[in-house]
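[1] This is the structure alone, sequence omitted:
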């Protein structure tokens, strides 16, 4: 098992390296000049060139990347062009809000989506199956920004139960968490239903029932455990989707997270903040996928057997 975990950790290194190269190159190819944005349209060309030299923007792109990678390995992601604050400091200040929102949405999606899928599979071709399928289809079809605006209108204005913006208490997180969880919830429900229907028809399930094993044991020991394998995989993949969704959700609900910071950094062409933010997102996705792989190994003994 330790060999399996170490192998998965080793795979993170080239992934993060590839992400850093891709993001660094794409940002540098974007039109515009951060020095011109900082100094304004009326700035003299001499002042712009001096600022470019000070920020290191006049060096070859390979040299700029080498300096960035060397500093990043020491935990230094540079300084914000806009505020001159350390990028790591700004990211750490906003990281708790973003990671809380992302994990809360995944947990909510699992707590609601998995039971919905179970009910649809166990009550196949009934009104419960139809209702569950309708809710899953509707959830998958609703855009995040529209769901956010409608929930804000309903629960912050018409029925003022939750605040419409801000961060600080659990009430501030309810609406953003629901908005971010809706699509993931729908996918998990559909995946759970199809996975359970496939497993229910397997020979080992029929054999267990023929031996007189109680239905509850058959359900949780054989059906649910095996149905969790693709669901856990989907949950890990959609964690990355949730991190992408926080950019819109944090903007709608005015949450001071990394997603909102990235939006502001892209508008002002703040290269270091954009690079650092996306690299942190990539690291979070990699760590979550590592956790998913470990859980997958516990659910499927064949994985552990390969590394003994």
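    Alright, I've got the coordinates. Values in this document were obtained by computation on a predicted structure and should not be read as measured data.
[2] Quick check: buried residues in the strand or helix carrying residue 279?
    Following DSSP states H and E, one finds residue 279 within helix 271-299. Neighbour counts over helix 271-299 (16 or more other C-beta atoms under 10 Å) mark 271-282, 284-286, 288-290, 292-293, 295-297, 299 as buried. Bear in mind the C-beta positions are built from the backbone N, C-alpha and C, glycine included.
[3] Likewise for stretch 191-208?
    For stretch 191-208, the neighbour count (16+ other C-beta under 10 Å) marks 191, 192, 193, 195, 196, 197, 199, 200, 205, 208 as buried.
[4] now do stretch 168-185
    Across stretch 168-185, burial judged by 16+ other C-beta under 10 Å covers 172-185.
[5] okay, and for the chain, where does confidence drop off?
    For the chain, the stretches flagged by pLDDT under 70 are 1, 4, 30-34, 37-38, 40, 300-308.
[6] let's see it at 90
    For the chain, the stretches with pLDDT under 90 are 1-106, 109-110, 113-176, 179-308.
[7] Could you chop it up by domain?
    Using automatic domain parsing, the domains assigned to the chain come out as 2-73, 88-305.
[8] okay, how far is it across the first one, tip to tip?
    By C-alpha to C-alpha, to the nearest Å, the extent of domain 2-73 from end to end equals 25 Å.
[9] Tell me how far that domain lies from the chain's centre.
    Counting by C-alpha atoms, centre = their mean, to the nearest Å, domain 2-73 is centred 23 Å from the centre of its parent chain.
[10] please renumber so the chain begins at 605
    Let's use 605 as the start, then, which means that last one is domain 606-677.
[11] In space, what's closest to residue 800 - neighbours in sequence excluded?
    residue 725 (3.7 Å; C-beta to C-beta, 6 or more residues apart in numbering).
[12] shouldn't that neighbour be in contact with residue 794?
    No: in this structure, residue 725 is not within contact of residue 794 by C-beta atoms under 8 Å, at 10.6 Å.
[13] any chance of the domains of the chain in JSON lines, plus distance to residue 686?
    Below are the domains of the chain laid out as JSON lines (distance: least, C-beta to C-beta, whole Å):
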{"stretch": "domain 606-677", "distance to residue 686": "7"}
{"stretch": "domain 692-909", "distance to residue 686": "5"}
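[14] So which of these is the most surrounded?
    Of all these, domain 692-909 has the most neighbours on average by mean count of other C-beta atoms under 10 Å, namely a mean of 18.
[15] I'd like the distance from that domain to the chain centre, please.
    Put simply, domain 692-909 sits 9 Å off its chain's centre (C-alpha atoms, centre = their mean).
[16] Show me what the strand or helix carrying residue 753 packs onto, helices and strands only.
    Take DSSP H and E as the rule and residue 753 turns out to sit in helix 748-756. Judged by 3 or more C-beta pairs under 8 Å, 6 or more residues apart in numbering; DSSP states H and E, the packing partners of helix 748-756 are helix 774-804, helix 829-856.
[17] Any idea which of these gets closest to residue 627?
    Closest to residue 627 of these is helix 829-856 (C-beta to C-beta; 14.0 Å).
[18] Nearest approach to residue 683 belongs to which of the domains of the chain?
    Closest approach to residue 683 among the domains of the chain is made by domain 692-909 (6.3 Å; C-beta to C-beta).
[19] surely residue 717 meets residue 786?
    No: with contact defined as C-beta under 8 Å, residue 717 does not count as touching residue 786 (9.8 Å).
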